[in-house]
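Chemist: need a structure here:
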Amino acid sequence: MNQTATAIPDHVAPDRVVDVNIYALPGMEQDYQQSWRNLQESVPDIIWTPQNEGHWIAMRGDILAEVQSDYKRFSSRIIIIPKSIGEMHGLIPTTIDPPEHRPYRVLLNDSLAPSAIRGMHDAIQQTVIELVDSFVADGRCNFTEQFARIFPIRVFMKMVDIPEEDAPKIRLWAESMTRPEPTMSFDAAKQAFYDYLGPILEQRRAHPGDDLISRMITADMGNGPMNHDQALAISTQILIAGVDTVVNFLGFVMLYLAEHPEACAELAADPANILPATHELFRRFGLVTIARTVREDMEFHGVQLKAGELVCIPTVVHGIDDRNFTDPMKVDFKRPRTRHSGFGSGPHMCPGQELARMEIAITIEEWLKRIPHFRIAPDADTHCSGGIVGSINRLCLEWDL
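Modeler: Sure, this is the predicted structure:
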């Protein structure tokens, strides 16, 4: 990402200025979530940084949820920091607001509804079993490469009916749009998606199937199906979401379980509680950092916001906010279920959250059946990388046979 610093605007009070790069906080390499907690404890509730072209950061859960939810004051037109990159994004429905946003969300919500996801349980379970069984007898695995980068993508590629062998290049393009210092520039990666999807969309329009993309691009939007540009934008967004977020979340979850055998024992003893327990894991290990655009000049929680400015909303800060959760850095599977913004809030709440929860729950259950005791292997690289989606570099695990 562009880390260009900018001058401090006159309307920003000096006590709100904190010179931090959201993609490389102090300590982020060692512990992604803890670095955000350290910052949260040491700064005002909403701050301004000159890094990445200058923007605000909501540092408390209630403020973050307010910015996420109030589309009348905070637009989704630009959601990526820095602004010069965000202006190139333009994917839907993530960068459009209600009411234009609603028809697209209805399509996604229908396709990813809990009833539809429940029907995928057996196929997801079988995929997990096949992958774990492929290395369980080895006594070790590179979890990042042998499971996390395969499992959710394999499930997702079936949903969109795209060949699994295309996953590596799709992941490359997605990571180039969500990571600092990408292999490809943002606009080149976006164009690669469009070049790849163009022929697929033409074929699906002519001969639609029962896959997610076919259903989306042939649905009646009220005045007919979406046009080609709209179909490209929504299909690209679907692919990015499908090959990135759960992949990286799995790394944080399995790292935690490897370091906390008592948590493994608790979950293994009560498999019926694993799916509810994922709510706590998504609270604790937030990893998505996006933004909203200020619609008009306003006073907001003691600061002056100007139209066009960006407010960063790192979802992690809600789940680890001690004003919302007692002992927030502790994972407590008996913690009362409370809103945490891990899947967003308001009109842009993640439509794939039920699928994500099921994928994580099935992974934990089937893994613990086969590998109840495991640890971090010496060749792991558990350093974290920032970006729109945080990640662990390389998680290797081992266990006794």
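Chemist: now the spatially most central residue of the chain, what's its secondary structure?
Modeler: In the chain, the residue lying closest to the centroid (CA atoms, centre = their mean) is Thr245, at 4.0 Å. Put simply, Thr245 is helix when judged by DSSP: H, G, I helix; E, B strand; the rest coil.
Chemist: hang on, it packs against Ile388?
Modeler: No - contact status for Thr245 versus Ile388: not in contact, 9.6 Å apart, counting by CB atoms under 8 Å. Every residue, glycine included, has its C-beta placed from N, CA and C.
Chemist: what touches both of those two?
Modeler: Val288 (CB atoms under 8 Å, 6 or more residues apart in numbering).
Chemist: picking that back up, neighbours of the residue nearest to the residue nearest to the centre of the chain when sequence neighbours are not counted, just the number please.
Modeler: Excluding its sequence neighbours, the residue lying closest to Thr245 (CB to CB, 6 or more residues apart in numbering) is Val389, at 5.7 Å. Using other CB atoms under 10 Å, Val389 has 23 neighbouring residues.
Chemist: Identify the residues contacting Val389.
Modeler: For Val389, the contacting residues are 178-179, 244-245, 248, 287-289, by CB under 8 Å, 6+ apart.
Chemist: what sits opposite it in the beta ladder?
Modeler: Val288 (DSSP bridges).
Chemist: mind checking how far it is from Glu354?
Modeler: Val389 sits 19 Å away from Glu354, taking CB to CB, to the nearest Å as the criterion.
Chemist: Equivalent analysis for Ala192, please.
Modeler: Applying CB to CB, the value for Ala192 to Glu354 is 30 Å.
Chemist: before we move on, what about Ser391?
Modeler: According to CB to CB, Ser391 stands 23 Å off from Glu354.
Chemist: Contacts only, for the closest residue to Tyr104 other than its chain neighbours.
Modeler: Of all residues not flanking Tyr104 in the chain, Pro93 sits nearest, at 3.8 Å (CB to CB, 6+ apart). If a contact means CB under 8 Å, 6+ apart, then Pro93 has 101, 104-105, 108, 234, 237, 348 as its contacts.
Chemist: Quick check on Pro93: phi, psi?
Modeler: phi -90, psi 10 (degrees, to the nearest 10).
Chemist: quick one: pLDDT of it?
Modeler: Each residue has a pLDDT score; the one for Pro93 is 88.
Chemist: Relative to Arg105, how far out is it?
Modeler: According to CB to CB, Pro93 stands 6 Å off from Arg105.
Chemist: Strands of the stretch 101-250 of the chain, start to end?
Modeler: 140-142 (DSSP state E, counting those that start in this stretch).
Chemist: Now do the same contact list for Gly62.
Modeler: That one is not Gly; residue 62 is Asp. Applying CB under 8 Å, 6+ apart to Asp62 gives the contacts 321, 323-324.
Chemist: tell me which element it is part of?
Modeler: helix 61-69 (DSSP states H and E).
Chemist: what's the answer for Gln304, then?
Modeler: Per DSSP H and E: strand 303-305 holds Gln304.
Chemist: now could you export just the CA positions of stretch 46-62 as PDB?
Modeler: Output of stretch 46-62 as PDB, limited to C-alpha atoms (Å, rounded to 0.1, in the frame of the first residue of the first chain):
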ATOM      1  CA  ILE A  46     -10.800   8.600  17.300                       C
ATOM      2  CA  ILE A  47      -7.400   9.700  15.900                       C
ATOM      3  CA  TRP A  48      -5.900  11.100  12.800                       C
ATOM      4  CA  THR A  49      -2.700   9.800  11.100                       C
ATOM      5  CA  PRO A  50      -0.700  11.400   8.400                       C
ATOM      6  CA  GLN A  51       0.300   8.100   7.000                       C
ATOM      7  CA  ASN A  52      -1.200   6.500   3.900                       C
ATOM      8  CA  GLU A  53      -2.200  10.000   2.600                       C
ATOM      9  CA  GLY A  54      -3.900  10.900   5.900                       C
ATOM     10  CA  HIS A  55      -7.100   9.600   7.400                       C
ATOM     11  CA  TRP A  56      -9.000   9.100  10.700                       C
ATOM     12  CA  ILE A  57      -9.100   5.900  12.700                       C
ATOM     13  CA  ALA A  58     -12.000   4.800  14.900                       C
ATOM     14  CA  MET A  59     -10.300   3.100  17.900                       C
ATOM     15  CA  ARG A  60     -13.300   2.100  19.900                       C
ATOM     16  CA  GLY A  61     -16.000  -0.600  19.200                       C
ATOM     17  CA  ASP A  62     -19.100   1.600  19.500                       C
END
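Chemist: For that stretch, the averaged confidence score.
Modeler: What stretch 46-62 shows for mean pLDDT is 97.
Chemist: Likewise for stretch 369-383?
Modeler: 98.
Chemist: What residues sit buried inside it?
Modeler: 371, 374, 376-377, 380, 382 (16 or more other CB atoms under 10 Å).
Chemist: what two of these have the greatest distance between them?
Modeler: Farthest-apart pair in the buried residues of stretch 369-383 is Ile371 and Thr382; separation 18.2 Å (CB to CB).
Chemist: Counting only strands, which of the buried residues of stretch 369-383 make the cut?
Modeler: Using DSSP state E, the members of these that fall in strands are 376, 382.
Chemist: between the buried residues of stretch 369-383, which is nearest Asp229?
Modeler: Closest to Asp229, out of all of those and judged by CB to CB, is Thr382, at 41.5 Å.
Chemist: Run through the residues that contact the closest one.
Modeler: Contacts for Thr382 (CB under 8 Å, 6+ apart) come out as 255, 376, 392-395.
Chemist: Which one of those residues sits in the busiest neighbourhood?
Modeler: Counting neighbours by other CB under 10 Å, Leu395 leads these with 25 neighbours.
Chemist: Now that it has come up, it's in contact with Arg149, right?
Modeler: No - in this structure Leu395 lies outside contact range of Arg149 using CB under 8 Å: 10.8 Å.
Chemist: Show the subsequent helix or strand relative to the strand or helix carrying Ser35.
Modeler: According to DSSP H and E, Ser35 maps onto helix 32-42. Counting by DSSP H and E, the next helix or strand C-terminal to helix 32-42 is strand 46-49.
Chemist: Who are the packing partners of that next one?
Modeler: When contacts are defined as 3 or more CB pairs under 8 Å, 6 or more residues apart in numbering; DSSP states H and E, strand 46-49 sits against strand 55-58.
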